[in-house]
Each structure stands twice: as structure tokens, then as C-alpha cells.
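Enquirer: Provided below are the primary sequence and the corresponding predicted coordinates.
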Amino acid sequence: MQVNRNIHEKMKWSVILTALLGGLWMFGCDRPQAQPRPSVPEVATVTVQPQQIVLTTELPGRTSAYRIAEIRPQVNGLIQKRLFTEGSDVQAGQVLYEIDPAHFQAAYNNAKAALGKAEANLPSIRSRVERYRELLPDKAVSQQEFDDAAAAEKQNLAEIEIWKAMVETASINLGYTHVSAPISGRIGRSNVTDGALVTAHQPVPLATIQQLDPIYVDVPQSTAELLRLRSRMEDGRLKHDGTNQKKVNLILEDGTAYSSEGTLQFRDVTVDPTTGSVILRVVFPNPKGLLLPGMFVRAVAIEGVNEQAILIPQQAVSRDPKGNPLALIVDAEGKVQQRMLTLDRAVGDQWLVTSGLTPGDRVIVEGIQRVRPGASVKEVPFGAGEKSAAGSEKTIRPAAKSN
């Protein structure tokens with residue numbers, strides 16, 4: 001009986017404790033809990049400020065020799081010697097080939113001898129004319145005899161002039177047996193060997209010389225881009241950069257920059273109907289022979305100066321579902337606003353904006369994913385706390401127009 005009573009007491013107290021704990025739990029659930037206040041998202045912004053930049057455009061081009069001379073013989077004959085090394089640099093006037101001169105030497109000697117014969121006859125004929133002129137008043141000689149002597153003198157003088165011309169022609173042909181370089185430059189391979197028979201003005205050149213210093217770079221520019229550039233100049237959006245307008249830089253095939261600047265020589269006035277472009281010809285110094293004819297290069301030409309350019313970081317620009325560029329700004333009340341943009345080109349790591357932003361706008365660069373138009377934000381300057389390796393602002397260099 002005592003055991004049953006103890007068990008009954010334990011069960012009673014257990015039920016009481018359970019009821020008390022349940023009441024406390026229900027009381028705690030009924031009390032309202034304090035909700036945490038939502039935090040304001042933080043964004044990094046840049047303030048739009050107009051600045052002056054030099055706009056450039058990058059165009060593909062090909063190199064071509066400054067001067068090209070195709071070496072052809074001017075007389076017929078056999079090649080006796082080739083006097084140059086293929087692929088070497090030659091100087092103007094340097095003898096490249098020797099043609100057998102025997103026939104031309106004989107022709108020269110013959111003409112020279114005939115000239116000497118004609119000149120030897122002249123004193124005798126001239127003295128006869130003088131004697132007849134003195135005897136003519138005394139009727140010692142007839143007028144006919146005097147006229148014949150005077151005509152013989154003129155004929156002899158004409159023969160002398162003829163043989164002088166023949167001697168000069170023979171001398172020129174004899175000189176043509178030494179085939180010389182008309183220009184200085186680098187000569188290519190020879191198309192003939194010793195003993196080859198060549199003819200005057202043959203269609204196949206003996207060799208070709210190309211002057212490589214300086215060298216041309218021919219760059220095609222579309223007429224559409226040319227018209228846009230003129231429109232910007234007329235509207236005042238671009239201004240000429242003075243003498244620098246004709247300066248052109250070069251990027252080689254491996255992506256390295258060429259050490260020397262080129263000068264824009266002229267812009268062709270004829271449009272290629274197959275490509276719709278005109279040719280810009282640029283002259284570059286090439287003292288080391290690094291540029292060779294036919295190389296593919298990229299020319300960076302100056303378009304002009306934009307004195308009120310608006311640049312924003314590329315990461316500040318996003319796209320809508322249709323691909324239109326847009327940016328988010330923070331207004332005077334600290335709320336987010338959306339702006340549609342018109343972009344011109346990429347300038348380094350920034351976009352050049354032509355419309356959609358005004359000076360003083362605060363453009364969101366970081367934190368774009370966390371905000372929506374109309375939301376309140378806390379803004380901090382973009383790049384605050386970042387340390388520059390050089391301790392100064394980075395110089396912006398205009399790059400080529402983006403596609």
C-alpha cells in the first residue's frame with residue numbers, strides 16, 4: 001500500500017510540472033517578437049565629370065615598299081656575270097649584271113672611226129670653199145663650182161653630226177651592258193643565271209629592288225566611318241588636333257607596338273566599289289628593316305579631340321532584355337534611378353557616353369545587383385580605400401572603337 005501511494009504521488013507531481021511547463025511555453029509564444037529593421041544596401045558611385053580626350057580609331061592595313069624597281073635589260077645579249085648577293089641591300093648605281101659587250105664595243109669603235117673619217121675630210125673641203133670664194137670675183141672659177149664646193153662642205157658637216165649621234169648611241173648601248181640598280185634598296189632573288197640570253201625590255205624582270213626605308217602602310221577606311229567623322233567635326237563634337245592629327249601609331253602582328261610614329265601622307269579620293277572604302281597611305285620610318293612588304297598591321301590614327309567627353313567604367317553599364325545599354329544613378333534623395341544610354345565606343349576600360357548622362361550624375365558602379373529603381377541606398381565613392389600602385393590616378397588612353 002505504501003509503494004502504491006508513493007507511485008501515485010510521483011505521477012501527480014509529474015502531471016503538475018508538465019502543465020506548468022506547457023503554460024509557460026504557450027505564454028512565451030503569445031508574446032510578439034521584435035522584427036529586425038531592414039538594412040539599406042550600400043553602393044559605390046562615381047560622379048560624372050566631362051573631360052578632354054583624344055579619340056583614335058584602329059584600322060587594319062598592309063605594308064608596301066616605298067619604291068619598287070624591276071630590273072630589265074635594255075639591250076640583247078648573254079649574261080656574263082651576276083654581281084650581287086640575293087636578298088642583300090644594294091645602292092643606286094651599283095652594277096648588278098654584266099652582258100657580253102663585244103658586239104656593242106665593235107659598233108662603238110666603228111661609229112667612232114667613221115666620225116674620225118668625216119672630220120678628217122672637213123679641212124680639205126673647207127679650204128677649197130675658201131679658195132673658190134676668193135677666185136669667184138675674178139671669174140677664175142664658175143659659180144657652179146663654188147656652189148658644189150659649198151654644198152660638199154655642208155654635206156660633210158651633216159655627216160659629222162650623224163656619226164656623232166651614232167657614236168653616242170653606240171656608247172649608250174655599250175653602257176647598257178652594265179645593268180645597274182636605279183634605286184637603293186633590298187634586292188630579291190635573281191630570275192636568270194650566268195649564260196642566260198636576255199632581250200631588251202623583256203616582260204620577265206631580271207630581279208626586283210624594293211626600298212624599305214621609309215615604308216608605306218596602306219589602310220582602308222570605310223566611307224560610312226568617314227562620313228560619321230566629318231559629321232562629328234561639323235557638329236563640333238570633335239576638333240582637329242593640329243599637327244598631331246597626321247600622326248599614326250602602328251601595332252604589329254604579334255601585338256607589340258612599333259617604336260616609331262608614322263605620318264599620314266594622303267587619303268585617296270576614289271572609293272573601292274567592292275569594299276566601300278578609301279585608302280589612307282601612311283609613311284613610317286624603317287631603319288632596322290623590321291617592316292617587310294605585305295605584312296598585316298593595325299594602324300591607330302587620331303580622329304580628333306572631344307573636349308566634353310563623358311566616361312564611365314564599363315562595369316557600370318548593364319543591358320536590358322533587348323540589349324539596350326542602361327545605367328543606375330543615385331538622385332538627390334538617395335534613391336536609385338534608371339537611365340538609358342547611347343554609347344559611342346570603349347576607351348580603355350571605360351565607355352564613352354554620348355547621351356543619357358549629364359555632368360554631376362552619380363552613377364552606380366558596384367552593388368548594381370542588390371538594388372532596384374526607386375530603392376533607397378547608401379553610397380560610397382567608387383574605389384575608396386583602394387591603393388594605387390603608383391600613388392596617382394591612371395592615365396586614360398583612348399582605345400580602338402568597340403564592335
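Expert: In hand now; what should we look at?

Enquirer: what's the distance between Val219 and Thr193?
Expert: Per Cβ to Cβ, to the nearest Å, Val219 is found 40 Å from Thr193. Quick note: C-beta positions are derived from backbone N, CA and C, even for glycine.

Enquirer: Please apply the same query to Asp218.
Expert: Asp218 sits 35 Å away from Thr193, going by Cβ to Cβ.

Enquirer: More neighbours: which of those two?
Expert: Asp218 (14 against 8; other Cβ atoms under 10 Å).

Enquirer: quick one, what contacts the more buried one?
Expert: For Asp218, the contacting residues are Gly61, Arg62, Thr63, Ser64, Ile279, Leu280, Arg281, Val282, by Cβ atoms under 8 Å, 6 or more residues apart in numbering.

Enquirer: again, 10 Å this time
Expert: By Cβ atoms under 10 Å, 6 or more residues apart in numbering, Asp218 lies in contact with Gly61, Arg62, Thr63, Ser64, Asp268, Ile279, Leu280, Arg281, Val282, Ala299.

Enquirer: got it, and Val283?
Expert: Contacts of Val283 (Cβ under 10 Å, 6+ apart): Tyr66, Pro214, Ile215, Tyr216, Val217, Val248, Gly262, Thr263, Leu264, Gln265, Phe266.

Enquirer: can we see that at 8 Å?
Expert: Val283 is in contact with Tyr66, Pro214, Ile215, Tyr216, Val217, Gly262, Thr263, Gln265, counting by Cβ under 8 Å, 6+ apart.

Enquirer: can you redo those as TSV with secondary structure?
Expert: Shown next, in TSV, are these (DSSP: H, G, I helix; E, B strand; the rest coil):
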residue	secondary structure
Tyr66	strand
Pro214	strand
Ile215	strand
Tyr216	strand
Val217	strand
Gly262	strand
Thr263	strand
Gln265	strand
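
Enquirer: check which helix or strand covers the closest residue in space to Gln80 that isn't next to it in sequence.
Expert: Distances taken as Cβ to Cβ, 6 or more residues apart in numbering put Glu98 closest to Gln80, at 4.6 Å, once the chain neighbours are dropped. Using DSSP states H and E, Glu98 falls within strand 95-99.

Enquirer: ditto for Leu122
Expert: Using DSSP H and E, Leu122 falls in helix 102-135.

Enquirer: Which strands and helices lie in contact with that helix?
Expert: helix 143-175 (3 or more Cβ pairs under 8 Å, 6 or more residues apart in numbering; DSSP states H and E).

Enquirer: Direction-wise, compare the helix it packs on with strand 95-99 and give the angle.
Expert: Helix 143-175 runs at 120 degrees relative to strand 95-99, counting by axes from the mean of the first three to the mean of the last three Cα atoms, to 10 degrees.
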